[in-house]
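Asker: Below: sequence and its predicted model.
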Amino acid sequence: MSHVLTTAPAAGSLATPSPSLTPSEVERVVLDHYGLAGEARLLTSERDQNFRFTTPAGESFVVKVTNPAEDRLVTDFQTKAMLHIEARDPTLPVPCIRRTLLDEPAFVLQADGLSMVVRMITWLDGVPLHQVERSSGQRRALGAQLARLGLALADFRHPAADHFLQWDIKHAAGLRPLLSHIEDDRRRGLATAFLDRFDAVAAPVLPTLRGQIVHNDLNPYNVLVAADDHDRITGIFDFGDLVETALVNDVAVAASYQISPAGDPFDGVVEFVSAYCSVRPLEEREIALLFDLIAARMLTTVAITNWRALRYPENRSYILRNSPSAWDGLERFAVLDPGKVRDRLAAACLGN
């Protein structure tokens, strides 16, 4: 069965509204299944429904109610990955699973005629990365933490690991039908040019590179930093885009959010990637593709979010939160020489 889109994503959680539980309903669910009383407050989310749950003693958790359309095996994949990370590297700043009264990491909730998987995870304290000023030290810390996270997942296996996810860069070719929804002619042409280059340069090589299960979504909305030290990472969360893909794709996703806002756009990317390589070196062939893979991630962001914002205008501001920076990045990438970028990254990571 082909996963190339003919018009737009037509099924699955990407094209299905999120659940619609009320805070009071969630409070009852938590009391029944976890034995905890407290207050639930709705958080923003794209595909699922998330609540912050706080007990009278001040202990906080996140209650995650999974989109009913999501494959149960995929949900289990994410849950088992978090348990695996906790076992392999418990000092990583990622959420931990809170088990139910029956000692289960998750359970199925029946509501409004739908079946939804519910999980409770620990609340991570910190300031969202997108709210603070960026710095060299922060980018280096992010690179090192992502490398550690990848190492913790390196030996993780699951039957849903290779599930189809349009956010996986290796499926960028399937975005082409979505480009017609970009109304601005110049931007549509820019996106098309980058996709053409991806198909010619990156797509044939990606299947030959190292692969493993990766986080696949280290964007500024999924990272927390310490309130008193913005260079210290206190949280990496949201495993909803977890997938088995080329290892370098995970680096490219995160690097696409490290583009310097002024001056040389690649300064921040080099700092981030070199820090990653100091913990887990990339191979020369992987480094050679980073320019095109980073561009493909930004292309994925603008294509999918533009389409979803048209489909769900009531959630438009949340869906489009990363779109402006992605468009800016594509504009700035368009004037760069990919060969010079490759050489610069190789010098920073390989010392040549």
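Answerer: Everything's here; your move. As the structure is a computational prediction, the values presented were derived from the model and not from experiment.

Asker: May I see the buried residues of stretch 176-189?
Answerer: Neighbour counts over stretch 176-189 (16 or more other Cβ atoms under 10 Å) mark 176, 178, 179, 181, 182, 187, 188 as buried. For glycine as for every other residue, the C-beta is placed from the backbone atoms N, C-alpha and C.

Asker: who touches the fifth one in this structure?
Answerer: What it means is residue 182. Residues counted as contacts of residue 182 (Cβ atoms under 8 Å, 6 or more residues apart in numbering) are 188, 191, 302, 303, 306.

Asker: ok, now with 10 Å
Answerer: 188, 189, 190, 191, 192, 302, 303, 306, 307, 327 (Cβ atoms under 10 Å, 6 or more residues apart in numbering).

Asker: could you measure the most centrally placed residue in the chain against residue 243, distance?
Answerer: Most central in the chain under Cα atoms, centre = their mean is residue 217, positioned 1.6 Å from the mean C-alpha point. Note on residue 217: its distance to residue 243, by Cβ to Cβ, to the nearest Å, is 10 Å.

Asker: anything in contact with each of the two?
Answerer: 165, 167, 250.

Asker: Of these - the most surrounded one?
Answerer: Neighbour count (other Cβ atoms under 10 Å) singles out residue 250 as the most crowded of the shared contacts of residue 217 and residue 243, with 26 neighbours.

Asker: surely the residue nearest to the centre of the chain meets residue 245?
Answerer: No - between residue 217 and residue 245 there is no contact under Cβ atoms under 10 Å: 11.8 Å.

Asker: shared neighbours of the two, anything?
Answerer: In contact with both residue 217 and residue 245: 165, 167, 253, using Cβ under 10 Å, 6+ apart.

Asker: returning to that earlier point: and the residue nearest to the centre of the chain, what helix or strand is that in?
Answerer: For residue 217, there is no helix or strand it lies in under DSSP states H and E.

Asker: Same question for residue 231.
Answerer: Residue-wise, residue 231 maps onto strand 229-236 under DSSP H and E.

Asker: packing partners for the helix or strand that comes right after that strand?
Answerer: Sequence-wise, the next helix or strand downstream of strand 229-236 (DSSP H and E) is strand 243-246. Secondary-structure packing of strand 243-246 (3 or more Cβ pairs under 10 Å, 6 or more residues apart in numbering; DSSP states H and E): helix 72-88, strand 211-214, helix 247-255, helix 284-311.

Asker: Right, I'll call it a day here.
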